[in-house]
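Chemist: Got a sequence here, can you model it:
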Amino acid sequence: MLKKIRTRQEYLGLSLRNLASQLEVSPALLSLVLNGKRKPSKAMTRKLASWLRRPVATDLDHCPSSLIDKFIEDRSSHLASSTLEFYRGKLHPFAVWCEKHQISDVREIQRANISAFLAFIKKGRSGAPRTLNSGGIKLFHQCLKTFFLYVGEECDTTSEWKNPVDGIKVKGSQAQTLEYSDTEVEQMFRTIDKGTNALLRLRNRAMLMVLLNSAVRASELLSMNVNDVGDKGRVMVTGKGSKQRVVTIGESGLEAVDCYLVERGNRGGALWQTFEGQRLTRDGLRSLFVRIESKHPEVFTDGLYAHRFRHTAITRLLRARVPLRSVQRYAGHSDPQTTLRYAQAIDADEAITAINDELY
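Modeler: As a prediction, the model looks like this:
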């Protein structure tokens with residue numbers, strides 16, 4: 001049976017993690033079973049046998065996982081690697097969901113299937129403290145709509161075929177420009193300062209300081225090298241579309257980075273490194289936020305994630321009356337409307353405060 005599973009896994013192009021997700025088992029446990037290092041339990045044997053009995057697409061050209069790979073490959077020539085990873089991260093869960101529900105041809109997917117998938121994905125990651133918010137659902141919705149436009153153009157669809165995502169409305173997040181409160185920021189640093197490892201404690205403190213001061217994206221933060229940091233705290237970062245810009249991490253950020261590098265001793269290579277000396281990854285950054293949030297969920301009721309630092313930095317610049325155009329350039333926004341959303345949110349906050357002052 002294990003040989004058949006391996007053959008089918010390879011045929012479908014499923015990673016170990018995707019296969020484990022379909023079977024609803026631990027990837028580590030599945031790896032041991034497939035490599036013959038552990039016998040499957042009766043429950044896992046039943047799951048494996050059931051999975052083998054599911055029908056698969058005989059036409060790989062229209063198999064969801066295969067077509068998603070082609071869609072991403074088609075865009076690899078003109079999209080940044082981070083954008084391709086974004087599409088992959090949103091579309092591969094859909095391919096796994098289709099396989100689990102025995103949907104073998106993208107042309108047969110209906111609006112009801114898309115709605116069911118969005119309802120499923122709204123539950124969030126397994127073990128997550130909260131469901132996925134409307135902004136997160138919107139990202140899946142947008143990626144699926146783009147993908148099915150590709151399906152309509154590239155696949156042999158009938159004249160009656162319609163994009164199954166059309167007609168499905170998803171509200172955008174109302175907290176897209178939500179900034180961290182002073183209480184949240186103070187709690188972050190208090191939690192980090194309790195760390196037992198001096199090197200990681202200084203690294204984490206410096207990272208938070210840089211995020212709060214610079215308005216950089218997570219990808220820009222993680223790609224920083226030591227040589228990118230200038231004497232006056234100016235840092236050259238590469239943003240979306242490989243566009244470069246200069247940001248400042250401020251005196252407090254520069255001081256925190258210097259303290260971290262002195263403790264590290266190695267002043268070359270990636271700025272943010274793991275304890276083993278490897279470049280910190282997005283998963284590593286995310287796990288840091290998860291640890292902080294899990295210790296004080298009552299404080300971080302709106303979540304703790306990298307992009308909120310960017311929102312916080314941009315909002316603080318606008319509250320300080322920095323011109324909108326200057327903030328747009330500093331944040332690396334190609335569309336001024338993106339920056340304008342922050343300004344409108346601030347104006348709304350100030351209007352509500354003024355009304356409350358008059359009433360009370």
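
Chemist: drop to CA atoms for contacts and neighbour counts, all remaining ones
Modeler: Noted.

Chemist: part of a helix, is residue 236?
Modeler: No: read with DSSP: H, G, I helix; E, B strand; the rest coil, residue 236 is strand and lies in no helix.

Chemist: If you drop the residues flanking it in sequence, what lies closest to it?
Modeler: Spatial nearest neighbour of residue 236, excluding adjacent residues (C-alpha to C-alpha, 6 or more residues apart in numbering): residue 246 at 4.6 Å.

Chemist: how close does that neighbour sit to residue 333?
Modeler: Per C-alpha to C-alpha, to the nearest Å, residue 246 is found 13 Å from residue 333.

Chemist: Ok, residue 42 next?
Modeler: 54 Å.

Chemist: Then residue 251?
Modeler: 24 Å.

Chemist: for residue 317, what are its contacts?
Modeler: The contact partners of residue 317, taken as C-alpha atoms under 8 Å, 6 or more residues apart in numbering, are residue 327.

Chemist: That one belongs to a helix?
Modeler: Yes: residue state for residue 317 (three-state DSSP) corresponds to a helix.

Chemist: one step back: what about the residue nearest to residue 236, is that helix, strand or coil?
Modeler: Going by three-state DSSP: residue 246 is strand.

Chemist: Read off the pLDDT value for it.
Modeler: The model reports residue 246 with a pLDDT of 87.

Chemist: ok, residue 209 - contacts?
Modeler: 249, 252-253, 256.

Chemist: Tell me the buried residues within these.
Modeler: 249, 253, 256 (16 or more other C-alpha atoms under 10 Å).

Chemist: show me the contacts for the first one.
Modeler: With contact set as C-alpha under 8 Å, 6+ apart, residue 249 has these partners: 209-210, 213-214, 233-235.

Chemist: What of residue 162?
Modeler: The neighbours of residue 162, taking C-alpha under 8 Å, 6+ apart as the test, are residue 152.

Chemist: measure it to residue 243 for me?
Modeler: Taking C-alpha to C-alpha as the measure, residue 162 and residue 243 are separated by 37 Å.

Chemist: Next, count neighbours for the closest residue to residue 140 other than its chain neighbours.
Modeler: Nearest residue to residue 140 in three dimensions, chain neighbours excluded: residue 90, at 5.7 Å (C-alpha to C-alpha, 6+ apart). A count of neighbours around residue 90, defined by other C-alpha atoms under 10 Å, yields 18.

Chemist: Output stretch 37-57 as PDB, restricted to C-alpha atoms.
Modeler: Output of stretch 37-57 as PDB, limited to C-alpha atoms (Å, rounded to 0.1, in the frame of the first residue of the first chain):
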ATOM      1  CA  LYS A  37      10.300   3.600  10.200                       C
ATOM      2  CA  ARG A  38       6.900   3.200  11.900                       C
ATOM      3  CA  LYS A  39       3.900   1.100  11.300                       C
ATOM      4  CA  PRO A  40       0.600   3.000  10.700                       C
ATOM      5  CA  SER A  41      -2.100   2.800  13.300                       C
ATOM      6  CA  LYS A  42      -5.400   1.200  12.400                       C
ATOM      7  CA  ALA A  43      -6.900   4.700  12.100                       C
ATOM      8  CA  MET A  44      -4.200   5.900   9.800                       C
ATOM      9  CA  THR A  45      -4.500   2.700   7.700                       C
ATOM     10  CA  ARG A  46      -8.200   3.400   7.200                       C
ATOM     11  CA  LYS A  47      -7.400   7.000   6.200                       C
ATOM     12  CA  LEU A  48      -4.700   5.900   3.700                       C
ATOM     13  CA  ALA A  49      -7.000   3.200   2.200                       C
ATOM     14  CA  SER A  50      -9.800   5.700   1.800                       C
ATOM     15  CA  TRP A  51      -7.500   8.300   0.200                       C
ATOM     16  CA  LEU A  52      -6.300   5.700  -2.300                       C
ATOM     17  CA  ARG A  53      -9.900   4.900  -3.300                       C
ATOM     18  CA  ARG A  54     -10.700   8.600  -4.100                       C
ATOM     19  CA  PRO A  55     -10.900   9.200  -7.900                       C
ATOM     20  CA  VAL A  56      -8.200  11.300  -9.400                       C
ATOM     21  CA  ALA A  57      -8.200  13.400 -12.500                       C
END
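
Chemist: No further queries at this time; thank you.
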